[in-house]
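*Asks:* A predicted structure for the sequence below; I have some questions about it.
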Amino acid sequence: MKPFAKLSPLAAVAASLASLTCCLPFGFLAALGSAGAALWLTSLRPWLLGLSALLLIIGFCQLYIGRNACTRRTRAGVILFWTAVVTILFLLLFPVGLGPRQTPAGQPPLATLRPANFSAFQQAFNDAPNAVRIVVLLSPT
Amino acid sequence: MVVWEPILPTDWTPPSTAALSRVTDCRAIQFWDEPHLVARYIRDLPNQPQPDCCDRSGLLWDLAVVYPPGSLWTAAPPPAVFLNGAVFQVQSALAQAIQRSLVP
């Protein structure tokens, strides 16, 4: 994880520069890379996904709006851009929205709390009355 | 007991396997609490330690709470002996609270 963490800022800077200087494929690949890294670097996930979105917006502007700096729009660039869009959308949706929700081995499955079934939480809490109980409130992302 | 609740704008679904796998202890029980039931119960209990942080629009999060042996959660939660966050910042205080609770 550490080499990743050291390389990420450099990659982000390189990606931004690549996009800004019309090296569109590199920008799109960097967008894909930062979205992919967001799968593993969960603590940096919002930032990496934001970087991906920013790079795609820059790429879109360069492809379709204000074509002063980058005068040639190649078919390969267009295909690469839309491939990156689709792939990043998939990466965005899969782990958070569509992927499985499997608890680690030995733990019961993830339980969804609602007012009607809150007794399940009370029951779990009261199942070990002679033990110290720790309740941790967390945000998934 | 790990209670995941939607707090950030990106929390629009229950936690993924990657998030759930951060808690590996087989004694853990993990919950998805979209209506913030646990946070509200804990917040509304009077006469308990006040956290130094962890309030976002009236909702408690990124918080660890320790209950001593003998505690039972009935209509309301029992009194906590430790209640503070952010979780990664209170690890040593949390460990001390657990140690104190284990001493008869």
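*Replies:* Ah, there it is. Residues are numbered from 1 along each chain as shown, chains lettered A, B, ... in the order given.

*Asks:* contacting residues around the helix-or-strand element of chain B with minimal mean pLDDT?
*Replies:* Lowest mean confidence among the helices and strands of chain B (mean pLDDT, DSSP states H and E): strand B:55-56, at a mean of 85. Contact with strand B:55-56 is made by B:I7, as judged by CB atoms under 8 Å, 6 or more residues apart in numbering or on different chains. (Each C-beta comes from the backbone N, C-alpha and C, glycine too.)

*Asks:* sheet partners, orientation included, of that strand?
*Replies:* strand B:59-60 (antiparallel) (DSSP bridges).

*Asks:* report the distance from the helix or strand just after the partner strand to the chain centre.
*Replies:* Going down the chain from strand B:59-60, the next helix or strand is strand B:63-67, by DSSP states H and E. In terms of CA atoms, centre = their mean, to the nearest Å, the centre of strand B:63-67 is set 5 Å apart from its chain centre.

*Asks:* against which helices or strands is the lengthiest helix in chain B packed?
*Replies:* For chain B, the longest helix by residue count, based on DSSP state H, is helix B:91-102. Helices and strands touching helix B:91-102, by 3 or more CB pairs under 8 Å, 6 or more residues apart in numbering or on different chains; DSSP states H and E, are strand B:63-67, strand B:82-84.

*Asks:* check which residues of that helix are buried.
*Replies:* B:L94, B:A97, B:I98, B:S101 (16 or more other CB atoms under 10 Å in any protein chain shown).

*Asks:* ok, B:P79 - contacts?
*Replies:* Taking CB under 8 Å, 6+ apart, one finds B:L45, B:N47, B:Q48, B:S71 in contact with B:P79.

*Asks:* could I get the full set of helices for chain A?
*Replies:* Using DSSP H, helices in chain A cover A:2-20, A:24-40, A:45-64, A:75-93, A:119-126.

*Asks:* relative to helix A:75-93, how tilted is the third one?
*Replies:* It refers to helix A:45-64. 160 degrees (axes from the mean of the first three to the mean of the last three CA atoms, to 10 degrees).

*Asks:* now the last one
*Replies:* Using the same axes, to 10 degrees, the direction of helix A:119-126 lies 70 degrees away from that of helix A:75-93.

*Asks:* the inter-axis angle of helix A:119-126 versus strand B:63-67?
*Replies:* Relative orientation of helix A:119-126 and strand B:63-67, computed by the same axes, to 10 degrees: 60 degrees.
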